[in-house]
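Peer 1: My questions concern the predicted model and sequence given below.
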Amino acid sequence: MTVRQDQDQDRHVAEETVPQARAARELELKPRELELAVQLGEVRTVAAEPGGRRRVPRQEIERHRSAEGFPKALRTRLWVVGTTEGAELLGIVPARFARLARGGCFAPVRFYVNRYRVVVWSYLASDLADFADGNPELLTGRTPALLKAALDKHPDRRARGWRARRLDQLRAQAGDPWERAAVPAAVLDPGELARAVPDPDERAYLCALRPALVPSRPDAAAARDVVDDLLLAEDPDEIEWYRHCLAAALAQARAARPAPGRAHPPTAPPAPAAPAGERKPPEADTGRAGERAGERARPPRWRAWLRPRAWRRT
């Protein structure tokens, strides 16, 4: 493709798309709501210029604005709750909600670090509705032995579940095999990444393509350290699982083309075996009161919306 063709393509993308800030206004969403909508795939985005922020196609905005129930229906799908409100929706006490979240029964969708350096997790209300519809026995009575065993093995799966969910989102947005390989590489620390990818050219390329799991990091050093810890795989079986994912993705990337700086792709080492019994890093929550200041109020008639036999989202 010539320089002129590149310029024409960039101009076409700019004409057919809008910045995310404008898209949020036209979709009647707050910036954090649009950010969540993009992560969940509710609002499609496209790449603009290299290194630039992704933009929202005009057709995508019109699709939502012409949909039945706009904007209430879209906001309802983006409704997030913390521990206290989540427990209320499920009709259980916050302590039981926290136990279910730590055990990986449902994954957080986002988090923030409060002024006490405590991680406050948030969940999609629709995820909780689906969980309650499929697992009513976990909402009453004694804690099942299976959940107790899960908590004994991993006392808190919330960060692990959030990472798994976020990597799934980033993998879906990746544009080519090397970008897909950079997704599992993003949660491995430098030492693990060096062991998984010995070739320095490939490793440098993956680091350059590494996606951001969070849009920004806190300004305060203490809070930033907390966030940095959440971005990396922790337990040995989780690390092994992402090394396995990276090995598989790297084999596909090498088959597509060598990394820059290499004339030929190196021979791939045998991929590590997937951890026994691990299909996907589990999920999991709680901060305390749960809702961050500035989040949108609950939808009207929320109790009716979450009443048994009407759990399924539309």
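Peer 2: In hand now; what should we look at?
Peer 1: And the residue nearest the centre of the protein?
Peer 2: Arg166 (2.0 Å; Cα atoms, centre = their mean).
Peer 1: Over to stretch 67-85 now: how far is its first residue from its last?
Peer 2: Length of stretch 67-85, first residue to last, Cα to Cα, to the nearest Å: 28 Å.
Peer 1: quick check: mean pLDDT across it?
Peer 2: Summarised as a single mean, pLDDT over stretch 67-85 is 97.
Peer 1: so what pLDDT did Arg32 get?
Peer 2: pLDDT, Arg32: 94.
Peer 1: domains of this protein?
Peer 2: Under the assignment automatic domain parsing, the domains of the chain span 3-76, 79-155+282-305, 160-256.
Peer 1: related to what we said a few turns ago, now the residue nearest to the centre of the chain: closest residue in space, sequence neighbours ignored.
Peer 2: Once flanking residues are discounted, Arg166 sits nearest to Leu213: 5.2 Å by Cβ to Cβ, 6 or more residues apart in numbering. Heads up, the C-betas are built off the backbone N, CA and C, glycines and all.
Peer 1: Surely the one you found and Arg165 touch.
Peer 2: No - between Leu213 and Arg165 there is no contact under Cβ atoms under 8 Å: 10.4 Å.
Peer 1: Show me which of these two is the more surrounded one.
Peer 2: Arg165 (22 against 18; other Cβ atoms under 10 Å).
Peer 1: quick one: contacts of the helix or strand hosting the more buried one?
Peer 2: Per DSSP states H and E: Arg165 is located in helix 158-173. With contacts defined as Cβ atoms under 8 Å, 6 or more residues apart in numbering, helix 158-173 is touched by 39-41, 45, 101-102, 104, 106-111, 119, 121, 154, 180, 183-184, 186-187, 211, 213, 230-231, 233-235, 238, 280-286.
Peer 1: Show me which residues of the biggest strand by length in the chain are buried.
Peer 2: If you go by DSSP state E, the chain has its longest strand at strand 119-124. If you call a residue buried by 16 or more other Cβ atoms under 10 Å, then strand 119-124 has these buried ones: Val119, Val120, Trp121, Ser122, Tyr123, Leu124.
Peer 1: Following the chain past that strand, name the next helix or strand.
Peer 2: Elements were assigned by DSSP H and E; along the chain past strand 119-124, the next helix or strand is helix 125-134.
Peer 1: what's the following helix or strand after that following helix?
Peer 2: Going down the chain from helix 125-134, the next helix or strand is helix 145-153, by DSSP H and E.
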